[in-house]
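Asker: Sequence and predicted structure below; questions after.
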Amino acid sequence: MIKKLTMLLMLLVSLATANAKCDWSTLKLQQWNERNYYKWYVSGKVLDDTCVDYMFMVYDDQTKKIDTLNSFRGIVEVQFNKKGRYRLYLKVWNRCEKCDTGMVRPIEIVQFPGAGVGYHSMSQNCRQYKFEMTYIKGYPLKDTCMEYYMVFYKGPWMDTMSQKEWDNLTDYQIGMEYDFPDADYLGYTQTRIADFTFKDTGRVLMYAQWWNKCLRQDTFMFRRLDVCKSKPTSSVTTLNRPEAKLIGMYDMLGRPVYYIRKDEIIIYLYSDGHSEKKVVR
């Protein structure tokens, strides 16, 4: 009888010790963000145990895909470049005691409405581009709070990718996987409408940022360019006014957009069939 009680007591002590090691009450997941940029930090006494591991993952509600994030000392940073809903998952497990737990944080990325980048190369010089960051709905063009930035990069990995990989590269993948080294930097502009001449041909990455310094809010997006690569010409051959010029560009989703410019009036013809008139001064 005494032997059985001793064994039972030892079992209870063993279970209490296991439960103590699997006590997740001190575990915390702190979040900080500024518009599209998020940072998470995991802390707690439980992380002092060398048996404990953890993993960060982001779930995209739009694509239904999960990406595993690399963390440094429990800190992970993500720059989202596509609006929509996401979820951050944190999984923590004790591989010695065979127990685990998890945390989740909802994320909703809201870009400035109407933000987009239009661009086209000059016919006389295919390395010379004209860019236009479209206006933000609800903000006048002369709003002194708004600042515009375009930064250009050309990395050696860009020209080695297959055409399919290049075309299918998403803003999210660029933001997660590309570290923008100084050696790849080509230059930048700080105006909403700007000209930029590339020294070389080939693939280029352009990073655009709309920044409201008064509200401390911003929107990011990327565009992939192929400098001096010929593109199919438009099938539109008849215009209402023969002196106007049809020019190709791209909308914020990377779809072809065309616009007709005559003096100070631009008529945008979007790929979904609707049009928009704008006066440029």
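Answerer: Received it, and whenever you're ready, just let me know what you need. Numbering: from 1, shown residues only.

Asker: Please make it C-alpha for all contacts and neighbour counts, starting now.
Answerer: Fine.

Asker: Tell me the confidence at residue 242?
Answerer: Residue 242 is assigned 36 on the pLDDT scale.

Asker: going forward can the numbers begin at 167, since that is how I track them
Answerer: Done: numbering now begins at 167, and the last item shifts to residue 408.

Asker: Tell me how far the residue nearest to residue 365 when sequence neighbours are not counted lies from residue 321.
Answerer: Counting by CA to CA, 6 or more residues apart in numbering, residue 365 lies nearest to residue 293, which is 7.1 Å off, once chain neighbours are set aside. Computed as CA to CA, to the nearest Å, the residue 293 to residue 321 distance reads 17 Å.

Asker: Next: residue 358.
Answerer: Residue 358 is 25 Å from residue 321, where distance means CA to CA.

Asker: go on, residue 275?
Answerer: For residue 275 relative to residue 321 (CA to CA), the value is 28 Å.

Asker: any idea whether residue 339 is helix, strand or coil?
Answerer: The local conformation at residue 339, judged by DSSP: H, G, I helix; E, B strand; the rest coil, is helix.

Asker: Helices of the stretch 167-316 of the chain, start to end?
Answerer: For the stretch 167-316 of the chain, the helices defined by DSSP state H, counting those that start in this stretch occupy 168-187.

Asker: now the strands: where do they sit in it?
Answerer: Using DSSP state E, counting those that start in this stretch, the strands found in the stretch 167-316 of the chain span residues 194-200, 203-209, 218-226, 231-235, 241-245, 250-260, 265-275, 283-287, 294-299, 312-319.

Asker: Include mean neighbour count when you put those strands into a markdown table, please.
Answerer: A markdown table is the format used below for the strands of the stretch 167-316 of the chain (neighbours: other CA atoms under 10 Å):
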| stretch | mean neighbour count |
| --- | --- |
| strand 194-200 | 12 |
| strand 203-209 | 16 |
| strand 218-226 | 18 |
| strand 231-235 | 13 |
| strand 241-245 | 17 |
| strand 250-260 | 18 |
| strand 265-275 | 14 |
| strand 283-287 | 21 |
| strand 294-299 | 18 |
| strand 312-319 | 19 |
